[in-house]
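Student: dropping a prediction and its sequence here:
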Amino acid sequence: MVIAYHLVVMVIETSSLGRQFGKFTAVEDISISVGKGEVFGFLGPNGAGKTTTVRMLTCLISPTSGSASVCGFDIKDKKSAASIRRKTGILTESPGFYETLTVRKNLRFFADLYHVDGKKANETIEQYLRLFGLYDKRDQVVGGFSKGMRQKLALIRCLMHEPEVLFLDEPTAGLDPESARVVRDAILSLKKEGRTIFLCTHNLDEAERLCDKVAIINRRILYAGSPGSLKDSVYGRKLVVRLEAVSPSVYKAVSHMPVVEAIEKKDDRIILQVDDPERHSPDIVDAIIRAGGRIRSVGELRHSMEDVYIKLIGDRCEL
Ligand SMILES: Nc1ncnc2c1ncn2[C@@H]1O[C@H](COP(=O)(O)OP(=O)(O)OP(=O)(O)O)[C@@H](O)[C@H]1O
């Protein structure tokens, strides 16, 4: 017998990471792990501690508690900082450019800062200008660029030294839908190249579309896991059965079933909480028919990421 093991190499690992500013605790007890090639969504309201966490992971500030490693380097070890910077690229919220220089000259300037060899720099610049749809603008000065074009340029800038890990802070904020899509597609292309992406975002739809895993933070981690299991863990899974009419006998028949954890009646629908809808729905349908119910449709109740996020953040604020 051949047993196949799928080993995921962890690129970012943190254990009870925290940061105080004086007496103020910005983040505490952050324990997460991000595998190679994953897109990891870091979600949280304003002031939740996302940027503080990214700044610790990129060695811009040191933690006041806990530990973390990036690409195998300990962020607290002063000798690691240069290696971590070489292996990571960071897109900040307000990247600056030389307004009177062309796209190519700006990018060459940043490539030089990373000591990227001239020929390699030109190849990388061309590759990413094409990927982001900016190749035709390569000899234009940045001064006249729109916000969307600047954001794409900023992403290219942090790719100049071909980092293994990218920390992206709100990469699509303020972009029109078309530009946001180009940036999102580019993020997926970078993932396909095997790069690991740590994505801070407020855009829940974006997180759901792009991320393999998400963590919701509000000073502490409120949830970490896949976007799909996040919804299940907050709301449980729910089956919606629409009938011609919900009679007392149908209601009674399903409410007595051991697999039904909770039941709710809304007009011509019954909403049932069950741990495994795929497995239990045939028995539930049988029970309804035996009780004389006439079914119009059966489906699973879907919550949006936004519902889940608001509920999680709201519940924790009330504590
Ligand atoms: N250097 C600092 N000194 C004091 N407090 C700070 C410092 N940096 C951040 N903070 C505080 O730490 C908390 C977390 O800030 P942080 O910037 O990490 O949040 P964020 O989740 O990135 O927010 P946003 O989504 O608005 O960018 C905030 O209350 C902020 O005011």
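Tutor: Done, it's in.
Student: for the spatially most central residue of the chain, what are its contacts?
Tutor: What sits nearest the mean C-alpha location of the chain, by Cα atoms, centre = their mean, is Gly41, with 1.8 Å. For Gly41, the contact set (Cβ atoms under 8 Å, 6 or more residues apart in numbering) comprises Leu199, Thr201, Glu206, Ala207, Leu210, Cys211, Lys213, Val214, Ala215, Pro227. Quick note: C-beta positions are derived from backbone N, CA and C, even for glycine.
Student: how much space between the fifth one and Gly236?
Tutor: Counting by Cβ to Cβ, to the nearest Å, the separation of Leu210 from Gly236 is 25 Å.
Student: swap in Lys311?
Tutor: Lys311 sits 12 Å away from Gly236, taking Cβ to Cβ as the criterion.
Student: any residues in contact with both of these two?
Tutor: With Cβ under 8 Å, 6+ apart as the test, Lys311 and Gly236 reach no residue in common.
Student: what's Phe198 in contact with, if anything?
Tutor: Ile12, Val34, Phe40, Phe42, Val54, Leu57, Val165, Leu166, Phe167, Leu168.
Student: dump the residues you listed into a markdown table; add distance to Val254 and secondary structure as well.
Tutor: Below are the contacts of Phe198 laid out as a markdown table (distance: Cβ to Cβ, whole Å; DSSP: H, G, I helix; E, B strand; the rest coil):
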| residue | distance to Val254 | secondary structure |
| --- | --- | --- |
| Ile12 | 45 | strand |
| Val34 | 42 | strand |
| Phe40 | 40 | strand |
| Phe42 | 40 | strand |
| Val54 | 48 | helix |
| Leu57 | 49 | helix |
| Val165 | 49 | strand |
| Leu166 | 49 | strand |
| Phe167 | 49 | strand |
| Leu168 | 46 | strand |
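Student: for the chain, name the helix or strand with the lowest mean pLDDT.
Tutor: One helix or strand of the chain scores below all others by mean pLDDT, DSSP states H and E: helix 305-318, with a mean of 71.
Student: outside of that helix, which residues touch it?
Tutor: 43-45, 204-205, 207-208, 216, 218, 222-223, 227, 230-231, 234-235.
Student: got the CA positions of it in CSV?
Tutor: Written as CSV, here are the backbone C-alpha positions of helix 305-318 (Å, rounded to 0.1, in the frame of the first residue of the first chain):
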residue,chain,number,x,y,z
MET,A,305,-19.1,36.5,4.8
GLU,A,306,-20.4,39.9,5.8
ASP,A,307,-23.2,38.4,8.0
VAL,A,308,-20.6,36.2,9.7
TYR,A,309,-18.1,38.9,10.2
ILE,A,310,-20.6,41.4,11.6
LYS,A,311,-21.9,38.7,13.9
LEU,A,312,-18.4,37.7,15.1
ILE,A,313,-17.2,41.2,15.7
GLY,A,314,-20.6,42.3,17.2
ASP,A,315,-20.7,39.3,19.6
ARG,A,316,-17.2,40.0,20.8
CYS,A,317,-17.9,43.7,21.3
GLU,A,318,-20.8,42.9,23.5
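Student: so in this structure, which helix runs the longest?
Tutor: Criterion DSSP state H: the longest helix present in the chain is helix 177-192.
Student: and after it, which helix or strand comes next?
Tutor: Downstream of helix 177-192, the first helix or strand assigned by DSSP states H and E is strand 196-201.
Student: related to what we said a few turns ago, of the contacts of Gly41, closest to the ligand?
Tutor: Distance to the ligand, by Cβ to the nearest ligand atom, is smallest for Thr201 among these, at 9.4 Å.
Student: my read is that that closest one contacts Phe42, right?
Tutor: Yes: using Cβ atoms under 8 Å, Thr201 is in contact with Phe42, at 7.4 Å.
Student: neighbour count for these two, which is higher?
Tutor: Taking other Cβ atoms under 10 Å, Thr201 and Phe42 do not tie; Phe42 has more neighbours (29 against 22).
Student: show the contacting residues for the more buried one.
Tutor: Phe42 neighbours (Cβ under 8 Å, 6+ apart): Lys50, Thr53, Val54, Phe198, Leu199, Cys200, Thr201, Val214, Ala215, Ile217.
Student: what ranges do the helices span in the stretch 1-150 of the chain?
Tutor: All helices of the stretch 1-150 of the chain, identified by DSSP state H, counting those that start in this stretch, fall at 50-57, 80-87, 103-113, 118-131, 147-157.
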